[in-house]
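Visitor: What follows is a predicted structure for the sequence shown.
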Amino acid sequence: MSIANNELRIGNWINSDGMPVIVTGILDEYSNVRTRQGNLITCRLELAQPIHLSYEIFINFGFELEGHKWFIPGHDSFYIYGLVGFYAPYVIPEITSLHQLQNVFYSLTGNELTYSPI
């Protein structure tokens, strides 16, 4: 499943050729991305793939697990339970990938999620 252009923002993490990369620029059919090693490359958007949420993703982006609920300290009103996001009083259904989580979190809190590898 590819990612639609209108789903991406600069700063989103996606997969390009099976490698996690961060979006640094968006054009009509291409995205400029940076690898974890700092290399700049161009990715065809039709080939970009979402990064599916996992335990490691939540931990690397500062979330903590409390029972079955993922939350970020200091943003306690925003949390993920299963694949459903909550930001009192809103319910955000079906968050399945990292770029969706980044976009929803930014839209609701005005803050970016920060990548910090464990």
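Guide: Great, that's in hand.
Visitor: remind me which residues of this structure are low pLDDT?
Guide: Applying pLDDT under 70 to the chain flags the ranges 1, 83-84, 88, 117-118.
Visitor: So what are the sheet partners of the lengthiest strand in the chain and their directions?
Guide: Longest strand in the chain by number of residues (criterion: DSSP state E): strand 19-26. Applying DSSP bridges, strand 19-26 is found paired with strand 13-16 (antiparallel), strand 30-35 (antiparallel).
Visitor: residues in contact with that strand?
Guide: 5, 8-15, 31-36, 40-41, 43, 45, 51, 115 (C-beta atoms under 8 Å, 6 or more residues apart in numbering). For glycine as for every other residue, the C-beta is placed from the backbone atoms N, C-alpha and C.
Visitor: which parts of it are buried?
Guide: The neighbour-count check on strand 19-26 (16 or more other C-beta atoms under 10 Å) flags Pro20, Val21, Val23, Ile26 as buried.
Visitor: Going by distance to Pro93, which of those residues wins?
Guide: Val23 (24.1 Å; C-beta to C-beta).
Visitor: Distance of the closest one relative to Val104?
Guide: Separation of Val23 from Val104 (C-beta to C-beta, to the nearest Å) stands at 16 Å.
Visitor: Over to Arg34?
Guide: From Arg34 to Val104 the distance is 23 Å (C-beta to C-beta).
Visitor: With neighbour numbers in mind, choose between these two.
Guide: Val104 (18 against 14; other C-beta atoms under 10 Å).
Visitor: Touching, the more buried one and Ile95? I think so.
Guide: Yes: using C-beta atoms under 8 Å, Val104 makes contact with Ile95 at a distance of 6.3 Å.
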